[in-house]
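1. Pasting the sequence and the predicted model now:
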Amino acid sequence: MTTLLHISTSPRGAVSASNQAADVFLQALPDGVTTRHIDLAERQMPEVTLHLTNAKQKAFIGAALTEEEQREWDVIVAMVDEFKAADHYLFAVPMWNFTIPYRLKQYIDLITHPGLTFTRDENGPRGLVDGSVTYVYSRGGNYGPKDGKPDPFDFQSTYMSAWSRMVGLSPVQEVLVQGTMAGPEGIANAVAGATDQLQALAAAIA
C-alpha cells in the first residue's frame, strides 16, 4: 500500500488557492494510494522550550534525559515517526511575505533533528527521510524563475528545496499557482493553469 502525506498550511480552507490546487492533485491520485492529512492551520504543536532544546542536545550525544525532557522529546519523536511513515508527500504552501507561513516553519523546526530526519558525515548532511515530494506554491504575483535563476523575492521555493535536500526528500516537484491576488476569478484561473501538471504528477505516483 502506497501512502501519501498531505500537509496543508493555509487557514483559508476551501477558498485557499494552495488548498484548491492540492485538491486537484488528490483527486487525480491512482487507486491504491492511501492519503493522510495534517492541517497545520488547525493542529496543536508544541512550543520550543528550554526542556526541549536540552532534550535535543542530550539525545544527540546519548546523555540521560530528565523526566520532563523525555516527555517533551517523546512528542517530537512521535511527530517525526508520523512524518516518516509516508512514501510520498504533498505540501500545499501559500506565499506569505515572500516566504512560507510561520506554522509550517514551526513544524519543520519541530521535526528536523540530527539522528531523526538527517545525519552528518564527511560529505555534509545526509537525509534520513525516504520519499518523493510535490510542493504546490500559491503566490499573489509572479515569483517564478527569471532568466534561469530564482526570483530574488522567492524565499518559499528556495527554502523548501534546501530543506528537502537536507532531510532526503527526492525527487522534488514544484507546481506554481501564481497571480492569485486577483480575487476568486484569479484563483480559479491560476488553479486551472496548473491543473494539467498537477494531474500528471499525481497520476505518476505508484
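-> Cool, the structure landed.
2. Just the CA coordinates for stretch 52-66, please, in PDB.
-> Extracted in PDB, the C-alpha atoms of stretch 52-66 (Å, rounded to 0.1, in the frame of the first residue of the first chain):
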ATOM      1  CA  LEU A  52      13.000  20.600  24.600                       C
ATOM      2  CA  THR A  53      16.300  22.200  23.500                       C
ATOM      3  CA  ASN A  54      18.100  20.400  26.300                       C
ATOM      4  CA  ALA A  55      16.500  17.100  25.300                       C
ATOM      5  CA  LYS A  56      17.600  17.600  21.700                       C
ATOM      6  CA  GLN A  57      21.200  18.200  22.800                       C
ATOM      7  CA  LYS A  58      21.200  15.200  25.200                       C
ATOM      8  CA  ALA A  59      19.600  12.900  22.700                       C
ATOM      9  CA  PHE A  60      22.200  13.800  20.100                       C
ATOM     10  CA  ILE A  61      25.100  12.800  22.400                       C
ATOM     11  CA  GLY A  62      23.300   9.900  24.100                       C
ATOM     12  CA  ALA A  63      23.000  11.500  27.500                       C
ATOM     13  CA  ALA A  64      20.300  10.800  30.000                       C
ATOM     14  CA  LEU A  65      17.200  13.000  29.900                       C
ATOM     15  CA  THR A  66      15.200  14.200  32.800                       C
END
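3. Quick one: mean pLDDT for it?
-> Stretch 52-66 carries an average pLDDT of 94.
4. Kindly report the same for stretch 96-107.
-> What stretch 96-107 shows for mean pLDDT is 97.
5. Contacts for it next, please.
-> With contact meaning C-beta atoms under 8 Å, 6 or more residues apart in numbering, stretch 96-107 is reached by 7, 9-10, 38, 40-41, 45, 91, 93-94, 143, 153-156, 159-160. Quick note: C-beta positions are derived from backbone N, CA and C, even for glycine.
6. among the residues you listed, which ones are buried?
-> Listed as buried from the contacts of stretch 96-107 are 7, 9-10, 38, 40, 91, 93-94, 143, 154-156, 159-160; burial here means 16 or more other C-beta atoms under 10 Å.
7. Pull the number of nearby residues for Pro125.
-> If you count neighbours by other C-beta atoms under 10 Å, Pro125 ends up with 15.
8. Could you check how far the nearest residue to Gln57 once chain neighbours are set aside is from Glu69?
-> With sequence-adjacent residues excluded and distances taken as C-beta to C-beta, 6 or more residues apart in numbering, Gln57 is closest to Ala63, at 7.9 Å. As judged by C-beta to C-beta, to the nearest Å, Ala63 and Glu69 stand 10 Å apart.
9. Tell me which of the two has more neighbours.
-> More crowded of Ala63 and Glu69, by other C-beta under 10 Å: Glu69, with 22 against 11.
10. The more buried one and Thr49 touch, don't they?
-> No - using C-beta atoms under 8 Å as the test, Glu69 is too far from Thr49 to be in contact (9.5 Å).
11. check contacts around Ser161.
-> Ser161 makes contact with Val172, Glu174 under the criterion C-beta under 8 Å, 6+ apart.
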